[in-house]
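# Structure of the sequence below:
(chains A and B)
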Protein chains: 2
Amino acid sequence: LSIQSYLKTRKKKIDHALEAYLPKEAKRSSVLCQAMRYGVLGEAKRIRPILALAACEAVGGKDTQTLPAACAIELIHSYSLIHDDLPCMDDDDLRRGKPSCHKKFGEAAAVLAADALLTLAFQILARSGQKKPSSSKEKTLEVISLIAESAGVFGMVGGQAMDMEFAGKTPDLPALESIHIHKTGALIAASVKAGAILGGGTAAQTKSLYEYGKNIGFLFQMVDDLLDGEGYVRVLGAPNTKEEARRLSDKSKKALRGFGKKAVVLEQLADFILERKA
Amino acid sequence: LSIQSYLKTRKKKIDHALEAYLPKEAKRSSVLCQAMRYGVLGEAKRIRPILALAACEAVGGKDTQTLPAACAIELIHSYSLIHDDLPCMDDDDLRRGKPSCHKKFGEAAAVLAADALLTLAFQILARSGQKKPSSSKEKTLEVISLIAESAGVFGMVGGQAMDMEFAGKTPDLPALESIHIHKTGALIAASVKAGAILGGGTAAQTKSLYEYGKNIGFLFQMVDDLLDGEGYVRVLGAPNTKEEARRLSDKSKKALRGFGKKAVVLEQLADFILERKA
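Below you'll find the predicted structure:
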């Protein structure tokens, strides 16, 4: 199975699940439902949920154990893009080649749709753990805690706040790293770790996969910067950034030692993220 | 113990716990931390967490079982006020007599602080259930699910979206009721139910207290409207609204039959909410 066709079937599975989790048009808050669906469905790489599913597989787990959490993480990622695009934040009129959520539905609906997506993520997570065996409940609570921490003030939201504080200025390397570790890296690393936990990985396996996830998160952002000439490219220059990205890809693959063939997909994902062109 | 001194000691306990849950100033995202603390601490009635604690007591539970969830609910209430005050929403410059969060810290910090508060709420909830006996884990997951549902697209956020759609127009009575059941009522009712579940209430007790909570939520909003001459007062007039509020207070107290002396505080809270002047 090539990585391209793997990604395609995974994306299809995740899109299908997301579609089912999102509310249909309600009687009164129809604009809200539309804005929520618009902010999530359609073009998107689904890298985070795919990493969660692949990590689950690497420890011998089944998709059904991780799919709800994978979708919850994608809802959190989607909400963050809606808020980041707002005029008071990055003020982006376009997202994935289409009008951003607030351009399409107005600012109030965009703010609220994102709030509702973040809330829905935790509802999906909690429900996925109810009526399951006791050990699954503990894992679900651990994953809720992990995802909340990675998405909150000391994770993604904290990173976005640091980024806003540097608006117009060029941060130095330590500041830039801190922004990216929090803003992008934390939730990507949490995706991998969540898959490992829910798939039934041992503590040692979960630790190794979390290490993989942290490097992948860093790598993902670095390649983003290579593609748009921002961030690391401005501070380090393109050649050094490429070199650093290759180093991170190798480092992430080293963390997979001990998984053998089970981690082939995660290895290929590291290559794919390093070499991606969009 | 008078209800006034009960409220005072409860508020103190809750404020103390909230203070401890909120992040201290971090190295880099200090504006974010400040905005989070500003949006939560200070003047506030703490009605929702007090109701949660009182419901827990009514079923014979201990404060410690419900305090984390009570605080989480107050964080969710606080985040919603920050977003509601934004220029694209109700555009309020003042909140509780002080500059609203975005007036004090700017719009971007206010959006992010609220996002971080919502996320922190679920982190607190999940952590409170970890490393507890199996039965507590199930209850915690039930409460996370309940709170997320009450706060999301089919609860609080949905109600705010409906409210925004009626901006400038006067909704008819069914529309007004639907707005308030969702925007205010759902989270208040969930506060009471969460206290009942976490305090170890039976299914029948939890059902009765949820019934109490739904009436109290409705009552709370009606008295708000009586105090500021909006909403119900515009549609029904002040005398009818007063009459309706008294009816709801009675109805909420009827749901407490069977609790005997254990529910004295909840009864007094119904009277207090009916007669409050601010």
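
# for A:K98, phi and psi?
Main-chain dihedrals, A:K98, degrees, to the nearest 10: phi -120, psi 160.

# is it true that A:M222 touches A:L248?
Yes. The pair A:M222 / A:L248 is scored as a contact, 6.6 Å apart, by CB atoms under 8 Å. Backbone N, C-alpha and C define where each C-beta goes, glycine included.

# Neighbour count for the two, which is higher?
Per other CB atoms under 10 Å in any protein chain shown, whichever of A:M222 and A:L248 has more neighbours is A:M222, with 26 against 23.

# what does the stretch 151-278 of chain A put close to chain B?
Within reach of chain B by CB under 8 Å from any CB of the partner chain, the stretch 151-278 of chain A has these residues: A:151-154, A:157-158, A:160-162, A:164-165, A:175, A:178.

# Just those: which are in helices?
A:A151, A:V157, A:G158, A:Q160, A:A161, A:M162, A:M164, A:E165, A:A175, A:S178 (DSSP state H).

# give me the low-pLDDT residue ranges for the stretch 51-200 of chain A?
Within the stretch 51-200 of chain A, no stretch has pLDDT under 70.

# Strands of that one, residue ranges please.
Assignment of strands within the stretch 51-200 of chain A using DSSP state E, counting those that start in this stretch yields the ranges A:94-95, A:98-99.

# So what's the gap between the first one and the chain middle?
In terms of CA atoms, centre = their mean, to the nearest Å, the centre of strand A:94-95 is found 18 Å from the chain centre.

# can you check the last one too?
Averaged C-alpha coordinates place strand A:98-99 at 21 Å from its chain's average position (CA atoms, centre = their mean).

# Report how many residues lie close to A:K139.
Residues contacting A:K139 under the criterion other CB under 10 Å number 20.

# residues contacting it?
By CB atoms under 8 Å, 6 or more residues apart in numbering or on different chains, the residues touching A:K139 are A:G129, A:I197, A:L198.

# with the residues you listed in mind, which one is nearest to chain B?
A:G129 (4.8 Å; CB to the nearest CB).

# Look up the closest residue to that closest one, ignoring the ones flanking it.
Using CB to CB, 6 or more residues apart in numbering or on different chains and skipping the chain neighbours, the partner closest in space to A:G129 is A:T140 (2.8 Å).

# So that neighbour sits against A:R127, correct?
No. Using CB under 8 Å, A:T140 makes no contact with A:R127, being 9.4 Å away.

# Quickly list what's touching both of those two.
Shared contacts of A:T140 and A:R127, counting by CB under 8 Å, 6+ apart, come down to B:L141.

# which of those two has more neighbours?
Taking neighbours as other CB under 10 Å, A:T140 and A:R127 compare with A:T140 leading, 28 against 19.

# so who does the more buried one touch?
A:L125, A:A126, A:S128, A:G129, A:K132, A:L198, B:L141.

# In a markdown table, list the residues you listed along with neighbour count and distance to B:K24.
Formatted as a markdown table, these follow (neighbours: other CB atoms under 10 Å in any protein chain shown; distance: CB to CB, whole Å):
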| residue | neighbour count | distance to B:K24 |
| --- | --- | --- |
| A:L125 | 29 | 27 |
| A:A126 | 28 | 28 |
| A:S128 | 24 | 33 |
| A:G129 | 28 | 31 |
| A:K132 | 14 | 36 |
| A:L198 | 28 | 32 |
| B:L141 | 25 | 29 |
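
# Now A:K132. Nearest residue, chain neighbours left out?
A:T140 (7.3 Å).

# again, but for A:E267
A:K253 (5.4 Å).

# So what's the gap between stretch A:85-92 and the chain middle?
On CA atoms, centre = their mean, the centre of stretch A:85-92 falls 20 Å from that of its chain.

# Stretch A:128-148 too?
Using CA atoms, centre = their mean, the offset of stretch A:128-148 from its chain centre is 19 Å.

# what about the longest helix in chain A?
Max-length helix for chain A by DSSP H is helix A:203-228.

# Mean confidence (pLDDT) on it, please.
Taken as a whole, helix A:203-228 carries a mean pLDDT of 97.

# what's that helix packed up against?
If contacts are counted by 3 or more CB pairs under 8 Å, 6 or more residues apart in numbering or on different chains; DSSP states H and E, helix A:203-228 sits against helix A:47-58, helix A:186-198, helix A:232-236, helix A:238-254, helix A:264-275.
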